[in-house]
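>>> Provided below for reference: sequence and predicted model.
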Amino acid sequence: MSNQDRQNGKNAYGKRNSKKRYVTYRKTPKNKTLQQHKAKESVRIAFLGGMNEIGKNMTLYEYGGDMFIVDCGLAFPNSDLPGVDIVIPDFTYVESNADKIKGIIITHGHEDHIGGLAYLLKKINVPIYSTKLTIGLIKGKFEEHNLLKRAKLVEVKPGDNITLGKFNVEFIHVNHSIPDAIAIAVRTPSGIIVQTGDFKIDTTPVDGEMIDLARFAELGKKGVLALLSDSTNAERPGYTQSEKSVGESFEMLFRRAKNKRIVVATFASNIHRVQQIIDVAQSRGRKVAVIGRSLENLVNVGSELGYLNIPKGILIDINLIKNYPDEKLVIITTGSQGEPMSALTKMAFGEHRKVNLTPNDYVIISATPIPGNEKMVGNVVNELMKRNVEVIYEKMYDVHVSGHACQEELKLIMGLVKPKYFIPVHGEQKHLQKHAALAVAMGINEENIFIGNIGDKIELTRNQIKKLEPVPAGEIYVDGIGVGDVGNIVLNDRKHLSEDGIIIVVATIDSSSGYVVSGPDIVSRGFVYVKENEGLMKTAQNTACRVIKECYDSRYNDWNSVKSRLREEVSKLMYEKTKRKPMILPILMEI
């Protein structure tokens, strides 16, 4: 009888032994221990933001009961979210596992990676690890929210290793459009996981430190289980240009401006861009004024920490620009994306209190519109041109380069890291799909590629990648100081009001007799101009009177039912007369 037959529970005649004996033989401690060991080896990753969207990046790692978070960003609202200031991730899953969270790692200081951090710290208070400049920018955020005293901020450098529970995390220097950006290598018993953060490969960076490709290659030789890589520019072929090319364009454009005043709009977080503008301004003998709170904060933090080299006397207060001739001034401002409340937009529409644009201004928009912002940027450019201002924008000259890797750079990182599993992150569906196609072209098996969504959770072992049950995730809206108190119902009401306006029906009723003592008065806002539609308002008033009388005659005692009837009848009237459906708000007072 062979050992194989014995293991299969068969006797010497090749027949299966009794059920009792078979079950007893299967319950071996060795197999049970092996299964438990394999279960413990699995690493789990939950995607709480940054998948199928631009911004709001947040990833949660879990192993053996320990967790840590990578990034906690925000997204800016689109036109479907009227009144909302910012959008942050849903922290429900993090809060429910607060006792397991060992720390938060921030890859760099852009808003889509740090913007939600203050709101998260109000829920859980764990150590935050990042590089010098990023920590400086986070401190500014925490000061605004009065959280700095309770925050545990730990500064790290590329090459450092930290231990977070059962995880070991190494920091790797990468190039991006802000200094001190890092990737991470996460060591677990299951294998090494590399997450790039936002990156590009810049061989001539402004700060002089090229991305650490050698370290990525070393990790690839050791064997990498999975790669999570930035997908923002996955649709763009070739390589991303070096940031230094923008400095060369500024040199040329500043010469072309001649005696005009120069206004440069750029991303508030692009410290390299600000440095190059200051450098060229100095070489041309111009003073520099900065407008925009976020930009002012970046300049202050960057100069304090040594990331900005600002010659003495070159920066002036915006209130002093009237003391200098146009040919001696450069104004750096926010508003490169056409944001309605930004400084550049206010200048374009003549609403800025301190800067009045004239035909003697030369405006450089040093940014490419983020998808969805093209119309807003176009409106600002049009308004500037109406004022006979010369405008340099988009691809007229090389006044902007991306901070994200294009296709050849993405493939190079894949080739160096040689991951078994590949997970494209940080992008919309079209970016993730395109990045996945690049991975297939690089020889990664399609079955080893995972394209996720917000709320997805995966399990990684040495032998498989598996999708698990989703976790609570989504969007939380911040409006003023309110966090999460604006939901779908409120947003639907806001959209309704913005589209068709509101009709308010006000009446005072005698509670004993049901007679209308005062009113009903009809108030219109955002629907029609009352003075030109007095007949319609009178008809609405008569309808309201009729409904209240009918309800009284039917002995309605439920005023909610009366309000519901008023809404139905007045809404029906307005649609018949105008083919519009304003919001109807009945206000009934009893005396």
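Looks like it arrived, so ask away.
>>> report the buried residues of stretch 149-167.
For stretch 149-167, burial by neighbour count (16 or more other C-beta atoms under 10 Å) applies to 151, 153, 156, 158, 162, 164, 165, 166, 167. C-beta: built from backbone N, CA, C; applies to glycine.
>>> actually stretch 446-458, sorry about that
Neighbour counts over stretch 446-458 (16+ other C-beta under 10 Å) mark 448, 449, 450, 451, 452, 454, 455, 456, 457, 458 as buried.
>>> tell me which of those is nearest to residue 265?
Of all the buried residues of stretch 446-458, residue 265 sits closest to residue 454, with 31.4 Å by C-beta to C-beta.
>>> you'd agree that closest one is up against residue 47?
Yes - here residue 454 reaches residue 47: they are 6.1 Å apart, a contact under C-beta atoms under 8 Å.
>>> joint contacts of those two?
Taking C-beta atoms under 8 Å, 6 or more residues apart in numbering as the criterion, residue 454 and residue 47 both touch residue 473.
>>> what sits against the closest residue to residue 57 other than its chain neighbours?
Spatially, and ignoring its direct neighbours in sequence, residue 57 is nearest to residue 50 (3.5 Å; C-beta to C-beta, 6 or more residues apart in numbering). Counting by C-beta under 8 Å, 6+ apart, residue 50 touches 56, 57, 58, 59, 71, 73, 112, 425, 426, 454.
>>> show residues contacting the lengthiest strand in the chain.
If you go by DSSP state E, the chain has its longest strand at strand 516-525. Residues from elsewhere that reach strand 516-525, judged by C-beta under 8 Å, 6+ apart: 501-510, 530, 533, 537, 540-541, 544-545, 548-549, 582, 591.
>>> out of the residues you listed, name the ones that lie in helices.
537, 540, 541, 544, 545, 548, 549 (DSSP state H).
>>> okay, now the fifth one: neighbour count?
The one in question is residue 545. Neighbours of residue 545 under the rule other C-beta atoms under 10 Å: 14.
>>> that one and residue 212, how far apart?
Going from residue 545 to residue 212 by C-beta to C-beta, to the nearest Å gives 78 Å.
>>> next one: the third one
Distance check for residue 541 against residue 212: by C-beta to C-beta, it reads 75 Å.
>>> nearest to residue 434 among the buried residues of stretch 446-458?
Among these, residue 451 lies closest to residue 434 (C-beta to C-beta), at 10.6 Å.
>>> residue 541: what's it in contact with?
519, 520, 521, 522.
>>> what's the neighbour count on the first one?
Residues contacting residue 519 under the criterion other C-beta under 10 Å number 18.
>>> then the third one?
Taking other C-beta under 10 Å as the criterion, the count of residues near residue 521 is 14.
>>> cool, the one 3 residues further on as well?
Around residue 524 sit 18 other residues, with neighbours defined as other C-beta under 10 Å.
>>> in the sheet, who's paired with residue 186?
Here residue 186 sits in beta bridges with residue 169, residue 193, as judged by DSSP bridges.
>>> which residues touch it?
Residue 186 touches 43, 61, 167, 168, 169, 192, 193, 194, 195, counting by C-beta under 8 Å, 6+ apart.
>>> any idea how far it is from residue 138?
21 Å.
>>> for stretch 108-125, how far is the first residue from the last?
This stretch, stretch 108-125, spans 20 Å end to end (C-alpha to C-alpha, to the nearest Å).
>>> brain fart, stretch 397-404
End-to-end distance for stretch 397-404: 19 Å, by C-alpha to C-alpha.
>>> with stretch 155-171 instead?
Distance across stretch 155-171, first residue to last, is 11 Å (C-alpha to C-alpha).
>>> could you look up the SS state of residue 290?
Counting by DSSP: H, G, I helix; E, B strand; the rest coil, the backbone at residue 290 sits in strand.
>>> go ahead and confirm residue 348 touches residue 357.
Yes - when contacts are counted by C-beta under 8 Å, residue 348 is listed as touching residue 357 (7.2 Å).
>>> and the helices in the stretch 301-450 of the chain, which stretches?
343-348, 374-386, 407-417, 429-441 (DSSP state H, counting those that start in this stretch).
>>> quick check: which of these is buried the most?
When these are scored by mean count of other C-beta atoms under 10 Å, the highest mean neighbour count falls to helix 343-348 (a mean of 25).
>>> contacts for that one next, please.
Counting by C-beta under 8 Å, 6+ apart, 263, 265, 291-292, 333-336, 338-339, 352, 355-357, 363, 365, 376, 380, 383-384, 387 sit against helix 343-348.
>>> which of the residues you listed count as buried?
Counted by 16+ other C-beta under 10 Å, those give 263, 265, 291-292, 333-336, 338-339, 352, 355, 357, 363, 365, 376, 380, 383-384, 387 as buried.
>>> okay, and which of those map to strands?
Per DSSP E, strands hold the following members of the buried ones among the contacts of helix 343-348: 263, 265, 291, 333, 363, 365.
>>> my guess is the last one meets residue 333, correct?
Looking back up the chat, that one is residue 365. No - here residue 365 lies out of contact with residue 333, judged by C-beta under 8 Å, at a distance of 10.0 Å.
>>> what do those two both touch?
265, 344.
>>> ok but residue 459 is inside a strand, no?
Yes - the assignment for residue 459 is a strand, going by three-state DSSP.
>>> residue 44 is in contact with that one, correct?
Yes - between residue 459 and residue 44 there is a contact at 5.2 Å, judged by C-beta under 8 Å.
>>> hey, what's in contact with both of those two?
With contacts defined as C-beta under 8 Å, 6+ apart, the residues shared by residue 459 and residue 44 are residue 468.
>>> what ranges in the stretch 401-550 of the chain fall below the confidence cut-off?
For the stretch 401-550 of the chain, applying pLDDT under 70 flags the ranges 480-482, 484-487, 491, 493-494, 511-514.
>>> buried subset of the contacts of strand 516-525 as a PyMOL selection?
Buried subset of the contacts of strand 516-525, written as a PyMOL selection, criterion 16+ other C-beta under 10 Å:
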select buried, resi 501+502+503+504+505+506+507+508+509+533+537+540+541+544+548+582
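>>> sorry, back to before: and the buried residues of stretch 446-458 as TSV, adding distance to residue 578?
Shown next, in TSV, are the buried residues of stretch 446-458 (distance: C-beta to C-beta, whole Å):
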residue	distance to residue 578
448	59
449	54
450	52
451	47
452	47
454	40
455	42
456	46
457	50
458	53
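>>> now the angle from the helix or strand where residue 226 lies to helix 429-441?
Per DSSP states H and E: residue 226 is located in strand 224-230. Between strand 224-230 and helix 429-441, the angle comes out at 140 degrees (axes from the mean of the first three to the mean of the last three C-alpha atoms, to 10 degrees).
>>> quick one: strand 224-230 to chain centroid distance?
The chain centroid and the centroid of strand 224-230 are separated by 21 Å under C-alpha atoms, centre = their mean, to the nearest Å.
>>> what pairs with it, and is each one parallel or antiparallel?
With DSSP bridges as the test, strand 224-230 pairs up with strand 191-195 (parallel), strand 419-425 (parallel).
>>> so that strand versus helix 407-417, what angle?
160 degrees.
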